[in-house]
Structures are given as C-alpha cells and as structure tokens.
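> following is a predicted model, sequence given first.
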Amino acid sequence: MPVRTRTLTLLVASALALVSCGGSEQPVRERTGDFAITLDDYLIRPQSLQVPAGRQLTVRVTNRGRLGHTLRIRGGTRNVLAITTIEPGETKGRTFRLKAGGYTMYCVLANHEELGMHGTLKVGR
C-alpha cells in the first residue's frame, strides 16, 4: 500500500476512534416521574437521565445481562436508593422521592462500577 494511502487510512481510523470515544451523551428526559433503567453486563442505560423535581418517582429496573447486578443511586457520599441484586432477566421496581440535584447511578457488586456500570441522574429542569 502506498505511503499516502496508508497515511490517509490511519487518519480516518483515528478520527473515527476519537468520535466514538468522546462526547457526553445527551440526557434522556422523562417528563413524568416514571422511568426505566436497563442493566447489562457493565452498562447502565440510559447512562444520563433527567427527571422532574417535586414528584414521586417510580423506577423499573431490568437486568438484560448474564450476571446479577444491583442499582444504587448516590447523592454526595450516601446512597439514597438501593435495589438489591437483580438476577438475569428479572425486573424490580421502586417508588421514591429525591430532592433536586445531581445523583450517580451505579452497580455496587465487585468492580462493576469501574467497568462502566455508572450513570448520572439529574432531578429538576
């Protein structure tokens, strides 16, 4: 392959890699207090979620992975919601209230959070 073609191929591949790695995902906006979270092996979807403040919130969490997972929502240094282990194929739900602000969603098992099982929850508009 000529040097020019090889260089162009390398530049295109690098640009595609940078595009796929960067950028923050636009938050999914739920207008009601009901929302769904899907857990997979080392993924939480949606990874960025925005819900209205001042409402009762209801979450439905489904595990689509091959491993058991949990869902925790952390505000500051403490958990404000804890859903225990959800087995593969299982769905659990919970109704709760949160103050306006930013929260972290994550799986507490082993090193799942470090492997990518985390996301953000913003309460308020």
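Right, received. Where do you want to start? In this text the structure is predicted, and so the values were computed from the model without any measurement.

> what residues sit buried inside the top strand by length along the chain?
Ordering each strand of the chain by length in residues (DSSP state E) puts strand 78-86 first. Buried residues in strand 78-86, counted by 16 or more other C-beta atoms under 10 Å: 80-81, 83, 86. Where C-beta positions appear, they are placed from N, C-alpha and C, glycine not excepted.

> same check on stretch 89-99?
92, 98.

> then it to CSV, C-alphas only?
This file holds the C-alpha atoms of stretch 89-99, laid out as CSV (Å, rounded to 0.1, in the frame of the first residue of the first chain):
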residue,chain,number,x,y,z
GLY,A,89,-34.0,-11.5,33.1
GLU,A,90,-35.5,-10.1,36.3
THR,A,91,-37.2,-6.7,36.8
LYS,A,92,-37.6,-4.8,40.1
GLY,A,93,-39.3,-1.5,40.8
ARG,A,94,-39.3,1.1,43.5
THR,A,95,-41.2,4.3,44.2
PHE,A,96,-39.3,7.2,45.9
ARG,A,97,-38.7,10.9,46.1
LEU,A,98,-35.4,12.8,45.6
LYS,A,99,-34.5,16.4,46.1
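
> circling back: give the pairing partners of the longest strand of the chain; include direction for each.
strand 69-75 (antiparallel) (DSSP bridges).

> just give the nearest non-adjacent residue to the residue most central in space within the chain, would you?
With distances taken as C-alpha atoms, centre = their mean, the residue of the chain nearest its centroid is Gln47 (2.7 Å). Ranked by C-beta to C-beta, 6 or more residues apart in numbering and with sequence neighbours excluded, the top spatial neighbour of Gln47 is Gly119, at 4.1 Å.

> what about the strands in the protein?
Remark: strands assigned in the chain by DSSP E are 28-29, 34-40, 43-45, 48-51, 57-63, 69-75, 78-86, 91-96, 101-106, 118-123.
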